[in-house]
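*Asks:* got a predicted model here, sequence first, then my questions.
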Amino acid sequence: MKALTYERYGGPEVVQVTEVDPPSVGTSDTLIRVHASAVNTGDWRIRAAAFPGVLAIPGRLMFGLFRPRQQRLGSEFAGVVESVGTSAKRFKPGDRVFGMVSSGGASAAYLVISETGAVAEIPASLSFEEAAGMPFGALCALVFLGEYADLKAGQKVLIVGASGGVGAYAVQVAKALGAHVTGVAGPDSQDFVAKLGADDTIDYRRTDLETLDGGYDVVFDTFGSISPRLSRRLLVEGGLFLPLNFGMREIGAAILNSFRNRKIRLAVNEDRMNDMIRLVELIEDGKLRPVIDRVYPFEEAADAHARVESRHKRGSVVLKIVEMA
Ligand SMILES: NC(=O)c1ccc[n+]([C@@H]2O[C@H](COP(=O)([O-])OP(=O)(O)OC[C@H]3O[C@@H](n4cnc5c(N)ncnc54)[C@H](OP(=O)(O)O)[C@@H]3O)[C@@H](O)[C@H]2O)c1
């Protein structure tokens, strides 16, 4: 079968569509015929060994010190259940499913998943391409804003990187929770972020974030523009800073508890089945919609990786997977 692979860390040119052995299916496994798979910022970081901040060394230890240990790429998928193992009960052949796998290999013609993983049936309104583009950003937004921040109606949230793979879903999740949303994005993304539902937008090229007035209950920084010092000034008393990428500066701020009456939470999102189920509910309630930057043919996966690495995609970049047997 065809799969997206890489043999060494590097730029988008190291990814290639190659012929590999199909995965073996255990008794508790579910085999998916993949129709679409996204390329997200996590996939870029794994391909380039571009692990941010304090994850630089743990990332290499996890994914391979000098070269990638797991050579099959891809974490998000949408497809159709092809077959199920004798003890797998959740899905049946023919079901349309989507989700995330942390072990890689989702950008391939076939994928084996555990039915207890972050997987759910695709809402009827979504195409495979739309479904494949949602889990990475939407699960992150749901967990950080809904669970860690416990965002409440009427609270004010500042979302930095509001047009990106996480931000485009974070704006929608924050609005679904009833918050007042200020979205920070580039000059070409202002209307786009407003149409996602943001109450106010800020162009980071025209406005120095250091000059913002503040008064936010939550600051969610998906890009890395807000220092702990600045977040303290932007937050109300008891407010929470959620930086998605963090280094020693943020860890120091958390450990030294320098945020008198302000909080900081440093976390890495886990991919959980229950969050996928909540995601489906929000989609079916009309509160969350897919935001697709572009769909690329599978053979153009290197271009898709380059688009993701630009840090200017809007929402999700998706690969249309076709079996070229
Ligand atoms: N901790 C976790 O569990 C977790 C989970 C998921 C993701 N992440 C991390 O979160 C980050 C965000 O991922 P993503 O997929 O949302 O990224 P992305 O799709 O590349 O989005 C980038 C966003 O940043 C904006 N931006 C670009 N240049 C900027 C600048 N100079 N100043 C301010 N904003 C700028 C872009 O706006 P314009 O295009 O409008 O310029 C866009 O909104 C990644 O680093 C990823 O690794 C962490």
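*Replies:* Yep, it's here. Note that this is a predicted model, so its numbers are computed, not measured.

*Asks:* shouldn't A253 be in contact with P228?
*Replies:* Yes: between A253 and P228 there is a contact under C-beta atoms under 8 Å: 3.7 Å. Placement of C-beta: from N, CA and C, glycine included.

*Asks:* quick check: residues of this protein near the ligand?
*Replies:* Contact residues (C-beta under 6 Å from any ligand atom) of the chain with the ligand: 40-42, 45, 52, 140, 160-167, 185-186, 189, 204, 222-223, 225, 244-245, 268-269, 311-313.

*Asks:* which helix or strand lies directly C-terminal to the helix or strand E130 falls within?
*Replies:* Using DSSP states H and E, E130 sits in helix 128-132. Using DSSP H and E, the helix or strand that follows helix 128-132 towards the C-terminus is helix 135-141.

*Asks:* which other helices and strands does that following helix contact?
*Replies:* When contacts are defined as 3 or more C-beta pairs under 8 Å, 6 or more residues apart in numbering; DSSP states H and E, helix 135-141 sits against strand 96-100, helix 167-176, helix 273-284.

*Asks:* paired strands for the shortest one, with orientation please.
*Replies:* Listed by DSSP bridges, the sheet partners of strand 96-100 and their directions read strand 76-84 (antiparallel), strand 118-121 (antiparallel).

*Asks:* any chance of TSV for these, columns mean neighbour count?
*Replies:* TSV is the format used below for those (neighbours: other C-beta atoms under 10 Å):
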stretch	mean neighbour count
strand 76-84	23
strand 118-121	22
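
*Asks:* tabulate those strands (CSV), appending mean pLDDT.
*Replies:* Formatted as CSV, the strands paired with strand 96-100 follow (pLDDT from 0 to 100):
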stretch, mean pLDDT
strand 76-84, 97
strand 118-121, 98
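
*Asks:* distance to A36 added to these, as TSV?
*Replies:* Compiled in TSV, the strands paired with strand 96-100 are given as follows (distance: least, C-beta to C-beta, whole Å):
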stretch	distance to A36
strand 76-84	5
strand 118-121	14
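
*Asks:* find the nearest non-adjacent residue to the residue in the stretch 51-200 of the chain positioned nearest to the ligand, please.
*Replies:* Closest residue of the stretch 51-200 of the chain to the ligand, C-beta to the nearest ligand atom: G164 (2.0 Å). Leaving out its chain neighbours, the residue that sits closest to G164 by C-beta to C-beta, 6 or more residues apart in numbering is T222, at 5.9 Å.

*Asks:* separation between that neighbour and G165?
*Replies:* Using C-beta to C-beta, to the nearest Å, T222 is found at 8 Å from G165.

*Asks:* quick one: which of those two has more around it?
*Replies:* Remark: of T222 and G165, G165 carries more neighbours, 30 against 26, as counted by other C-beta atoms under 10 Å.

*Asks:* pretty sure the more buried one is touching R311, no?
*Replies:* No: here G165 does not reach R311: they are 9.7 Å apart, not a contact under C-beta under 8 Å.

*Asks:* now the strand or helix carrying Y296 against helix 167-176, angle please.
*Replies:* Y296 belongs to strand 292-297 when elements are defined using DSSP H and E. Orientation of strand 292-297 against helix 167-176 (axes from the mean of the first three to the mean of the last three C-alpha atoms, to 10 degrees) gives an angle of 140 degrees.
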